[in-house]
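Novice: fold the following.
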Amino acid sequence: MIRRQLHIQLKELWNQIPLSHHQDFLKFPNKDVSVIRQLGGFDFAVLVCEQLKLYAEIDVVLLRPGPLGGLITKGGDIDNRLKTLFDALRYPKELQELAKGFAPSEDEKPFFCLLEDDQLITKVSVSVDRLLTPAGSGDVHLLLHVKVRGSDVIWGNMSLTS
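Specialist: The predicted structure follows:
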């Protein structure tokens, strides 16, 4: 599941500066700022959210086996692939978006997500290249570069924007 793979990386990001200086955002409820969104037994920790007045610009590099080209016809068209990615980057807003029986493990409390809502993505760039390591025919590797920007400067987001 894509969301779980992203959680592992975002959890590590929250242990590094500048996010490590904002661990109080992970408390719920918090009288000042909380990035926790609760749903179906999960406490989702979202980084890019309205409360922090943040938005994201995302550069995607899609690596897949085989010759260049064919992105539109092989394995689904690009807009469906991007929709799947964007859905995995945000926290689910309805229980139906979680796989049946999907429950947080101890290591997923909180469960880290990048976005509160995919409408907070303001720019997307997509590049496609070949995956040169031996892989199954359906394997795809993604490299994501996310720039977090502020729509307004507030005390809570000053160290988080680029």
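
Novice: mind checking the SS state of the residue lying closest to His145 once chain neighbours are set aside?
Specialist: Nearest non-adjacent residue to His145, counting by Cβ to Cβ, 6 or more residues apart in numbering: Asp59, 4.2 Å away. (Glycine included, C-beta is placed from N, CA and C.) Under DSSP: H, G, I helix; E, B strand; the rest coil, Asp59 falls in the strand class.

Novice: one more: Gly156?
Specialist: Criterion first, three-state DSSP; result for Gly156: helix.

Novice: ok, it to His7 distance?
Specialist: Distance of Gly156 to His7, given as Cβ to Cβ, to the nearest Å: 22 Å.

Novice: equivalent analysis for Phe102, please.
Specialist: 12 Å.

Novice: neighbour count winner among these two?
Specialist: Counted by other Cβ atoms under 10 Å, Phe102 and His7 do not tie: His7 has more neighbours, with 22 against 15.

Novice: check which residues of the lowest-mean-pLDDT helix or strand in the chain are buried.
Specialist: The helix or strand of the chain with the lowest confidence, counting by mean pLDDT, DSSP states H and E, is helix 78-89 at a mean of 88. In terms of neighbour count (16 or more other Cβ atoms under 10 Å), helix 78-89 has its buried residues at 81-82, 85-86, 88-89.

Novice: and what of stretch 45-62?
Specialist: Using 16+ other Cβ under 10 Å as the test for burial, stretch 45-62 gives 45-49, 52-56, 58, 60, 62.

Novice: so what touches stretch 16-29?
Specialist: The contact list for stretch 16-29 (Cβ atoms under 8 Å, 6 or more residues apart in numbering) reads 13-14, 30, 32-36, 38, 43, 45, 47, 110, 156, 159-160.

Novice: what comes up buried for it?
Specialist: Residues 19, 22, 25-26 are the ones in stretch 16-29 that count as buried (16+ other Cβ under 10 Å).

Novice: end to end, how far does that stretch reach?
Specialist: End-to-end distance for stretch 16-29: 23 Å, by Cα to Cα, to the nearest Å.

Novice: what about it, distance to the chain center?
Specialist: 17 Å (Cα atoms, centre = their mean, to the nearest Å).

Novice: mean confidence score for it?
Specialist: The pLDDT scores in stretch 16-29 average 92.

Novice: spit out the contact partners of the nearest residue to Leu52 once chain neighbours are set aside.
Specialist: Leaving aside its chain neighbours, Leu52 sits nearest to Asn157 (4.7 Å; criterion: Cβ to Cβ, 6+ apart). Contacts for Asn157 (Cβ under 8 Å, 6+ apart) come out as 52-54, 150.

Novice: no further questions, thank you.
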